Structure formats: structure tokens, C-alpha cells
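Undergrad: coordinates only, sequence not included:
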């Protein structure tokens, strides 16, 4: 695992606090009785939930940068075992599908 930069614990705590605030904002039902139209056509409660959803997209994107664990070992960690075998090829001792040594 790589070293965590200073302040990373604070960044992660702030991220999770914002996530909790978004959960609370999504549950808030204060504007449901409003009959106001935003931009002349969009009901205010729908506009509110669109804004909360867009904020959630932004927060989760930041979360992948701030709070995602950095424990990958390099490009090989992204490959599956089958891809590693396919890219490295068979060993010299393996027999090919025709029964002939390779």
C-alpha cells in the first residue's frame, strides 16, 4: 500500500460527511407542497431532486479520487489471470492443442 498523503484522513471524513448530508437532503420533503415552476415548466420538487442527484454525481466522482483505497500494485493488478496467460503465452514445457511440443 502506498503512503497516505497528509490530510487524507480529513478529506475522507469530509467526503463521508457530505455523503450523509446528501442522504438527508434527498429525504427532505419540505418542497413537496410547492406549486412553483422553475424555468417556467419544471415543478420545484422535481427540480430539487434533480439538483440533489447532480450533487450526488459530483460527490461520488470526488469520492473516487479522495476516498478510494489506493492498494493496486500496478497495471498487472487490473488484468485477470486469463489475460495474463494470454499476454505472456504458453510456457516452453506446455504441449500445444495438436499434441506437439511448442
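TA: Structure's in. What do you need? Only a predicted model underlies this, so the values are computations on that prediction, with no experimental measurement involved.
Undergrad: contacts and neighbour counts: CA atoms only from here.
TA: Noted.
Undergrad: what strand or helix carries residue 68?
TA: Using DSSP states H and E, residue 68 falls within no helix or strand.
Undergrad: neighbours of it, how many?
TA: When neighbours are defined as other CA atoms under 10 Å, residue 68 has 10 of them.
Undergrad: wait, what's in contact with residue 52?
TA: By CA atoms under 8 Å, 6 or more residues apart in numbering, the contact set of residue 52 is 22, 25-26.
Undergrad: in this structure, which spans are helices?
TA: Ranges of helices within the chain are 8-27, 44-66, 81-88, based on DSSP state H.
Undergrad: any idea how far apart the tips of stretch 29-49 sit?
TA: Start-to-end span of stretch 29-49 (CA to CA, to the nearest Å) is 10 Å.
Undergrad: could you pull up the mean pLDDT of it?
TA: Average pLDDT, stretch 29-49: 86.
Undergrad: quick one: buried residues of that stretch?
TA: 43-45, 48 (16 or more other CA atoms under 10 Å).
Undergrad: could you do stretch 10-17 as well?
TA: For stretch 10-17, the neighbour count (16+ other CA under 10 Å) marks 12, 15-16 as buried.
Undergrad: thinking again about what came up before, of the helices of the chain, which approaches residue 36 most closely?
TA: helix 44-66 (5.6 Å; CA to CA).
Undergrad: and the closest one with helix 8-27, angle?
TA: Helix 44-66 and helix 8-27 are oriented at 160 degrees to each other (axes from the mean of the first three to the mean of the last three CA atoms, to 10 degrees).
Undergrad: and residue 63, what does it touch?
TA: Applying CA under 8 Å, 6+ apart, the residues near residue 63 are 12, 15.
Undergrad: let me fix that, I meant to ask about residue 66.
TA: So residue 66 contacts 8, 11-12, 15 (CA under 8 Å, 6+ apart).
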